[in-house]
Every structure is written in structure tokens, then in C-alpha cells.
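In: fold the following and give me the result.
(one chain, ligands or ions: 1)
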Amino acid sequence: ENHAIPHDRSLDNSIALMREGYHFMQNRVNKYHSTIFAARLLGEKVICMTGKEAAEIFYDTNRFKRKGATPKRIQKTLFGENAIQLMDGLAHTHRKKLFMSLMTPKHQAELAALTKTHWEMARKNWEESKQVILFDEAKLVLCRTACKWAGVPLKETEVKERAEDFNAMIDAFGAVGPRHWKGRRARTRAEHWIQSMIEDVRANKIEVQKGTAMYEMAFYKDEIGQPLSSLIAAIELINVLRPIVAISTFITFAALALHNYPICKEKLFESDDAYLDMFVQEVRRFYPFAPILGARVKNNFIWNNCNFEEGTLVLLDVYGINHDPTLWDKPNDFHPERFKQWKGNLFDFIPQGGGAPETGHRCPGEGITIEVIKASVQFLVHHITYQVPTQNLHIPMNRMPTFPESGFIIENVKEKT
Ligand code: HEM
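Out: Residues are numbered from 1 along each chain as shown. The predicted structure is shown next:
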């Protein structure tokens, strides 16, 4: 027993987590006046922690491992079973190198250029419709973009269904019931589709360029020289495609920010890349996406008067750290200029995880995410004009993942001349 840290006495907090969503951790941190507390969650004893120091500990691979940290329900929807998110040690760093090699600045620029092209193509179709839902359009645009970039053939007739499946896998992560089952069915379908592609690539039945994600996943050899099974190769290729589609959430939030803070839109219109950079960072900090992350204690240790016993599940408050008042001045204000002062720490700004991506589990796709949001914001600011009709823009914080309820409707979209 840990007597030095507060214990939440609830029998089990799983329902509270669903009900409080992104605020679950901060609500208890505030209640107990402690950045660390113990609770029962998902049927077991867990340690919850927030703050920059907690993030540093969490990303120490001598203290934490990922094996057994992800519930099956998330493996069967969001990640895929036996995927990189669940690996440790040399096998993990070796596979991580593969992901990192697909996301270099050159790849980022290619993806951003494709994103712009596909937004332009989409815009031409909008001229016939009075209104469009930006979130839905972004998913289609990014699904086409991701597949093209990754070397995955995609017929225009299947775009909608594939995009919806990628989205359903993401939408399932904080869900029980129908949303969860939808995510599972979506994953099964996507895995069949991509697995047969991988097999065709290996059998030389479809041509794909070296250097694309599809090629590199199909022909990757692990740390002992073994190729991946076609299923694992498919799961990892989906680990590239799905999160690109997920950027649609940040794009929708970016559009909301342009609407809510017209001064930012003006600055974006007039200013250079430096302001665009800060705007995109603030979108990733301010709006909710990844709520918490989990890992298990690798070896017993004591930190902050708390006993971390081997095997214990530990949860890190990702959303809370991005809104921590000891790290961010007026954290609930949307203020891109705050990034002028930010020194680029690996543990205080963690919308896509913390630490170094090469050695730990931090997202390898941050550069890509930033460039795709930038390309999309430039499209919204410089290439089109539109109106934002009255609609429900509320972001429910008890839904994970969340987004503005209307999906952000725009109307009278015209090319800027
Ligand atoms: C890992 C968030 C975009 C690929 C992660 C993690 C988070 C995250 C929170 C887990 C970090 C950890 O476990 O410590 C996001 C968000 C995105 C995004 C919010 C915006 C939409 C992308 C993109 C890609 C990508 C565009 C690839 C093209 C991955 C992979 C991992 C990962 C492969 C697993 C890394 C590992 O386990 O070592 N991401 N990500 N993500 N992300 Fe992203």
C-alpha cells in the first residue's frame, strides 16, 4: 500500500472516466491537491500522475514498459494486436526506426503538397453543394492523400467507406457499446484489405515504389532478420494511414480557432510562417485529442514518496499536462504567441506523447501532423472564402475522442481570387 499518496476510494473509476472524459485526471488532481494519486480503474489498481516531472518518469524505459499496458479493447480497435505501440526494448526501437524513416522532412513536404492538391480537388466539388461539413471532408481528403502517399491503390468509389473505417477505429478508443463494435468491424475490414495488398506487393502483383510506406512495411526485416507476417505488416501500415486520417480532427479544431479568434485569422493572412507554426502548435496544445497514456512498471522503484511496484499500471495525464497552469500561462486561453517563449522541452508539450521518438513511444508522426495541418490552414486562409452558419460548435469533454458537435459546417465556399 502507498500511504504517502491520496487514494481515490471509489470502487472503480471506469464509469467516472467515461463520464468526465478529458477532465477525469485534473478533477482528482485538484480534489486531492496532489499530482499523483492511486485509484481503481478498469478493474485494477492504478497510479495516475500529471506534470512535467511525471512525464519524464513515464518515458524512462528503464522504469516502464508497454507490454500488457493496453487493454484488448483498444488493441482491437485503435492500435491493432501486437503492433508497435505494445512493444519494448530492441524489437521496439528497431521497428520504430522503420516508422521514423518514413517521416523525414522530405516525406513531410511530399505529404503536405499532396494534401493541398486534394483540398483543391475537393473544393471544386463543393461548388455544387450549399454547405459542407469540414470534418467529413477532411477525412476524405486525408484518406486519398494518405493512400496516395503511402503507395496504396485506392479507387474513388471506395474512398468514403475506407475513410469511415479509419475514422471508426479512432472514434472507438474511448467508447463502449456500438461505437466500440463499429471500430472492431472497421479494423477487421481494413486489415483484410491491407493484408491482401501486402501479399500482392510481395508476390509482385502490384507495383509499388521503394521508399513508400507500403513497400517498406512489406519488405522490412526485424532485428533478427525476419520479415513481418503479412498481418503485422498490414497492421503497421494501418498505423501510418489511420493517424493521417486522424489529422482531420486537428484540422477541424484549427478551423474552429480561425472562427472563434478572427484576430488569429487576420494574422495568418498577413504574416509569415513563424506565426503559422505557432498557431498550429497552439491548436495541438489547446484542443483535446489524446487524453491519457498507460504503461506498466518494469522494476520496483520509489518516486515522489510513492511505491511503484512491478507490474502496476500507471496513467499519464496527457491533456492535463498541456493545460497545466504551472507550465502554461493562462492555459485555457488560445494564444499562439505563447510559443515564442517555449523552449522546446520534450515533456511539457505532449499532444502526441513525450520524450524522444527514437528511443521511446512518442509519436513518430508529429512532423507530418504539423505539416498537414499547416497545408490545410493555408488552404482555409489563402485559397477559399466561406461563411460559418449558426451551428452547434460545442466540444463535449466527456466524449473521447471529441470534436465540435456539428463537425464544423461551412457554406458558400468560393475560390479566393
Ligand atoms: C504514437 C498522437 C498522428 C503514427 C502516438 C501516441 C500519441 C499519438 C499520443 C502515443 C505516444 C506514447 O505511447 O507514448 C497522435 C495524434 C496525431 C498523431 C494526436 C494527430 C492526428 C500520427 C501520424 C502518424 C502517427 C500522422 C503516422 C503517419 C504513430 C505511431 C505511434 C504513434 C506509429 C506509435 C509509436 C510507438 O509506439 O513507438 N501518436 N498521433 N501518428 N503515432 Fe501518432
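In: excluding chain neighbours, what is closest to the residue in the stretch 251-400 of the chain positioned nearest to the ligand?
Out: The nearest approach of the stretch 251-400 of the chain to the ligand comes at Gly365, 2.3 Å away (C-beta to the nearest ligand atom). Where C-beta positions appear, they are placed from N, C-alpha and C, glycine not excepted. Excluding its sequence neighbours, the residue lying closest to Gly365 (C-beta to C-beta, 6 or more residues apart in numbering) is Pro243, at 5.5 Å.
In: in this structure the one you found contacts Pro364, no?
Out: No: at 9.5 Å, Pro243 and Pro364 do not qualify as touching, with contact defined as C-beta atoms under 8 Å.
In: quick one on the thing from earlier: let me know the pLDDT of the residue nearest to Gly365.
Out: Looking at Pro243, its pLDDT reads 98.
In: what about it, neighbour count?
Out: Residues near Pro243, counting by other C-beta atoms under 10 Å, number 21.
In: now it: how far from the ligand?
Out: Relative to the ligand, Pro243 is positioned 3 Å away (criterion: C-beta to the nearest ligand atom, to the nearest Å).
In: dump the residue contacts of that residue.
Out: Contact partners of Pro243, counting by C-beta atoms under 8 Å, 6 or more residues apart in numbering, are 363, 365, 369.
In: what is the burial count for the first one?
Out: By other C-beta under 10 Å, the residues close to Cys363 number 18.
In: SS state for it?
Out: Classification of Cys363 by DSSP: H, G, I helix; E, B strand; the rest coil places it in coil.
In: wait, isn't it in contact with Gln352?
Out: Yes: with contact defined as C-beta under 8 Å, Cys363 reaches Gln352; the gap is 3.5 Å.
In: now do the shared contacts for those two.
Out: Residues touching both Cys363 and Gln352 (C-beta under 8 Å, 6+ apart): Thr369.
In: hmm, back to that, any chance of the contacts of Pro243 in CSV, plus pLDDT?
Out: Shown next, in CSV, are the contacts of Pro243 (pLDDT from 0 to 100):
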residue, pLDDT
Cys363, 98
Gly365, 98
Thr369, 98
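In: can I get those in CSV including distance to Val413?
Out: Below are the contacts of Pro243 laid out as CSV (distance: C-beta to C-beta, whole Å):
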residue, distance to Val413
Cys363, 32
Gly365, 28
Thr369, 24
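In: out of those, which is nearest to His118?
Out: Distance to His118, by C-beta to C-beta, is smallest for Thr369 among the contacts of Pro243, at 16.3 Å.
In: helix or strand for the closest one, which one?
Out: Element membership of Thr369, judged by DSSP states H and E, is helix 366-378.
In: what element comes up after that helix heading to the C-terminus?
Out: For helix 366-378, the following helix or strand on the C-terminal side (DSSP H and E) is strand 384-387.
In: please name every helix or strand in contact with that next one.
Out: Helices and strands touching strand 384-387, by 3 or more C-beta pairs under 8 Å, 6 or more residues apart in numbering; DSSP states H and E, are strand 409-415.
In: off-centre distance for the strand it packs on?
Out: Taking the mean of its C-alpha atoms, strand 409-415 sits 27 Å from the chain's own mean (C-alpha atoms, centre = their mean, to the nearest Å).
In: and that strand, which residues are buried?
Out: By neighbour count, and taking 16 or more other C-beta atoms under 10 Å as the criterion, the buried residues in strand 409-415 are 409-410, 413.
In: next one: stretch 97-104
Out: Taking 16+ other C-beta under 10 Å as the neighbour-count basis, stretch 97-104 is seen to contain the buried residues 98-99, 102-103.
In: do stretch 4-23 as well
Out: Within stretch 4-23, the residues that qualify as buried are 5-6, 8, 13, 16-17, 20-23, counting by 16+ other C-beta under 10 Å.
In: quick one: name the residues of the stretch 201-350 of the chain near the ligand.
Out: For the stretch 201-350 of the chain, the residues found near the ligand under the criterion C-beta under 6 Å from any ligand atom are 239-240, 243-244, 246-247, 250, 289-290, 293.
In: out of those residues, flag the one nearest to Arg123.
Out: Within these, proximity to Arg123 (C-beta to C-beta) peaks at Ile247, which comes in at 18.0 Å.
In: regarding the closest one, what is its secondary structure?
Out: For Ile247, the assignment made with three-state DSSP gives helix.
In: mind listing what it touches?
Out: Residues near Ile247 by C-beta under 8 Å, 6+ apart: 138, 142, 369, 372-373, 376.
In: nearest spatial neighbour of it, skipping sequence neighbours?
Out: Spatial nearest neighbour of Ile247, chain neighbours left out: Val372 (4.9 Å); criterion: C-beta to C-beta, 6+ apart.
In: which element is His92 on?
Out: helix 89-101.
In: quick check, that helix touching the ligand?
Out: Yes: part of helix 89-101 sits near the ligand under the criterion C-beta under 6 Å from any ligand atom, namely 96, 99.
In: how about that helix as CSV, C-alpha atoms only?
Out: Taking Å, rounded to 0.1, in the frame of the first residue of the first chain, the C-alpha atoms of helix 89-101 are listed here in CSV:
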residue,chain,number,x,y,z
GLY,A,89,13.3,-2.9,-26.0
LEU,A,90,15.3,-3.6,-29.1
ALA,A,91,12.4,-5.0,-31.0
HIS,A,92,10.6,-1.7,-30.5
THR,A,93,13.5,0.6,-31.3
HIS,A,94,14.2,-1.4,-34.5
ARG,A,95,10.7,-1.2,-35.7
LYS,A,96,10.5,2.5,-34.7
LYS,A,97,13.4,3.2,-37.0
LEU,A,98,11.3,2.0,-39.8
PHE,A,99,8.5,4.4,-38.9
MET,A,100,10.9,7.3,-38.5
SER,A,101,12.5,6.6,-41.9
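In: which helix or strand lies directly C-terminal to it?
Out: Helices and strands here follow DSSP H and E; after helix 89-101, the next one along the chain is helix 105-126.
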